[in-house]
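> Pasted the sequence and its predicted model underneath.
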Amino acid sequence: MATPAASALQTDLFVVTHPVDSVPSLLHRAAIVTLRDRIPELFAFDLRSLGLFRIGLGLLMLADCIYRAADVEAFWSDAGIRPHGGHMVLAQAPWTPFQLTGEVWFPIALLVGMACAALCIVTGWRWRIGVAGCWFVLQSMNLRNGLPYQVADGVHVLLLMWSMFLPLGERWVLGRGRPPNAPAHARSIVTVLFILQLLWIYIIPGSYKAVEPKWTQGSILIEAAFIDAVATGWLEALLHVPWLLELFARMTPWFELFAPLLLLVPWKTGPLRTALVAVFVAFHVLGIGMMLELGLVPYTLALCWLPILPGWFWQRIGVEGTAGTAGTAGRTLGLPRLPSLAIGIVGFASFVPSAELRLGATAPIPGIVRKAWRQTGFQQRRFSLWTRPAGNRHYMIAARLADGRAVELHHRVPLDWENPPPAPRNNHWYKTFQKLQDLEWVRHAVAVWHVREWQRDHDEGPPIEHVEVVVRRTPWMAPTWWTSGQWEHGMPEPTEYRSLYRVRGHGDDLQLVRRHGEADWTTPEPG
């Protein structure tokens with residue numbers, strides 16, 4: 001044990017051998033060493049958080065199954081709006097499993113298999129097989145018909161891709177407790193890519209929104225309140241405080257651009273990341289999710305943040321982990337060098353298409369590689385997330401029966417030109433109807449499907465004489481029109497786009513012949 005005199009002597013020697021002006025350099029080197037130790041911790045995921053993410057991912061896949069099952073015949077069979085061999089909307093894929101058969105039992109069987117795979121993910125039993133199974137079904141359906149494709153579908157495929165290489169089965173597995181001396185966290189090239197993915201989802205859309213006048217001038221949410229297909233009652237109620245909607249719109253691009261960058265702050269990572277996860281989950285579920293009807297999108301984006309929950313969070317709520325957490329002596333799960341290299345190449349390459357779109361340049365990549373990207377779905381997209389809204393639209397599949405009655409086939413209600421149905425049945429139909437105005441073949445295919453569906457359910461009733469696909473669209477208005485409150489004095493007159501078809505035949509012999517001119521909706525047509 002050193003005496004006070006010895007300690008004083010050591011202090012004097014330190015001052016003599018290390019001049020005062022060298023102390024800042026020593027502190028600087030110490031700070032560099034500390035920072036070097038902390039940077040790897042930024043990419044370490046707590047295994048309890050990964051287990052929670054796995055459960056959420058499985059539940060989300062179950063919800064996606066239910067969402068798709070409602071219209072499985074319409075979208076993913078040859079009896080639907082896009083028979084096999086017709087137009088490929090999303091991508092020209094070399095092959096899809098749907099080339100085996102166009103019968104409706106096939107997509108039903110795939111969805112049943114996907115539901116079983118989702119249960120494997122939730123319980124943790126054979127969860128990697130479950131992840132691969134969900135990816136196979138989702139991507140097959142995305143390639144089979146791109147008409148109902150939405151942002152959540154692309155993000156689901158990417159989440160499943162990263163999940164194949166993350167240790168999601170170390171915690172919260174049904175019927176299995178935590179083994180002794182279990183690792184505390186995981187860190188690998190996949191955790192690095194996952195954080196990069198999270199940044200990409202926000203920074204790329206944020207960069208578009210930051211130069212879009214409807215966001216920068218604060219008009220977009222006011223306009224959204226008048227888009228019947230997406231506006232909720234909560235958003236419509238907020239029209240009484242338009243300045244709040246304007247403020248929220250102006251802040252969102254900068255929030256998306258800079259808030260995710262806090263993931264890269266190497267100090268106070270525990271409380272900082274816990275707060276960041278809470279803010280983004282609330283932003284999607286309680287903010288955007290309560291104002292806009294966007295299907296599964298808010299829950300998908302909220303789920304992306306669960307792996308980021310640090311060990312600090314679990315300690316504060318009293319959930320026991322292991323002797324070590326990120327930054328302590330706990331063991332770390334990783335990947336061998338060769339698989340890490342292969343995954344890293346594929347992972348970083350997945351960002352190339354989106355970067356090309358943003359930069360306006362094309363990388364020298366062979367066509368066969370691009371086809372492989374499209375086939376697997378492992379490529380980033382723009383993730384526009386309402387960069388430029390399409391405006392309010394009403395869609396009607398109007399039919400006139402032989403007895404003179406007029407019905408709207410999509411909702412199965414009497415036709416009312418003054419009060420059209422406010423929205424399609426779900427978001428898959430909404431994404432499909434958004435293409436009606438520009439694509440003639442989509443108008444024809446949608447009309448054929450609805451006529452055939454009506455004939456099947458009303459075989460004994462009067463036949464349909466003609467059907468008209470109507471898109472009623474509100475004109476584009478400048479941001480200042482919305483922010484100045486001119487909408488309070490009435491909305492501008494909508495523009496209509498119509499396609500009229502004469503109905504001939506029934507069932508497999510059904511034909512829709514394009515007609516010109518205006519339909520007679522008042523009296524039966526002569527035979």
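Happy to help now that I have it. Residues are numbered from 1 along each chain as shown.

> Isn't Ala423 up against Thr232?
No: contact criterion Cβ atoms under 8 Å: Ala423 and Thr232 do not qualify, at 11.1 Å. In this view, the C-beta of every residue, glycine as well, is placed from N, C-alpha and C.

> Give the residues shared as contacts by these two.
Glu293 (Cβ atoms under 8 Å, 6 or more residues apart in numbering).

> out of the two, which sits in the busier spot?
Between Ala423 and Thr232, counting by other Cβ atoms under 10 Å, Ala423 is the more crowded of the two (20 against 16).

> how close does that one get to Gln139?
Relative to Gln139, Ala423 is positioned 28 Å away (Cβ to Cβ, to the nearest Å).

> what do you get for Gln511?
Distance from Gln511 to Gln139, by Cβ to Cβ: 34 Å.

> Settle it for me: which of the two has more neighbours?
Gln139 (24 against 11).

> Tell me the confidence at the more buried one?
For Gln139, the pLDDT comes out at 92.

> For it, pull up the helix or strand it's in.
Element membership for Gln139, per DSSP states H and E: helix 127-144.

> and if you look at His466?
Counting by DSSP H and E, His466 is part of strand 464-473.

> Quick one: mean pLDDT over that strand.
Mean pLDDT, strand 464-473: 94.

> swap in stretch 356-373?
The average of the pLDDT scores along stretch 356-373 is 78.

> One more: stretch 396-413?
Mean predicted confidence for stretch 396-413 is 94.

> List the buried residues for that stretch?
396-401, 406-411 (16 or more other Cβ atoms under 10 Å).

> count of residues packed around Asp46?
There are 27 residues near Asp46, going by other Cβ under 10 Å.

> ugh, wrong one, Gly233
So Gly233, with other Cβ under 10 Å, has 9 neighbours.

> what does Leu138 give?
By other Cβ under 10 Å, 22 other residues sit near Leu138.

> Listing request: residues of this structure with sub-threshold pLDDT.
Applying pLDDT under 70 to the chain flags the ranges 1-36, 85-94, 178-180, 321-330, 381-388, 522-527.

> quick one: the strands in the protein?
Remark: strands assigned in the chain by DSSP state E are 45-46, 185-186, 332-333, 393-401, 406-408, 413-414, 464-473, 495-504, 511-515.

> would JSON lines of the ones you listed with distance to Gly377 be doable?
Putting these into JSON lines (distance: least, Cβ to Cβ, whole Å) gives the following:
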{"stretch": "strand 45-46", "distance to Gly377": "23"}
{"stretch": "strand 185-186", "distance to Gly377": "24"}
{"stretch": "strand 332-333", "distance to Gly377": "26"}
{"stretch": "strand 393-401", "distance to Gly377": "28"}
{"stretch": "strand 406-408", "distance to Gly377": "35"}
{"stretch": "strand 413-414", "distance to Gly377": "37"}
{"stretch": "strand 464-473", "distance to Gly377": "30"}
{"stretch": "strand 495-504", "distance to Gly377": "32"}
{"stretch": "strand 511-515", "distance to Gly377": "33"}
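
> Of all the ones you listed, which one comes closest to Ile308?
strand 45-46 (7.5 Å; Cβ to Cβ).

> Alright, calling it a day.
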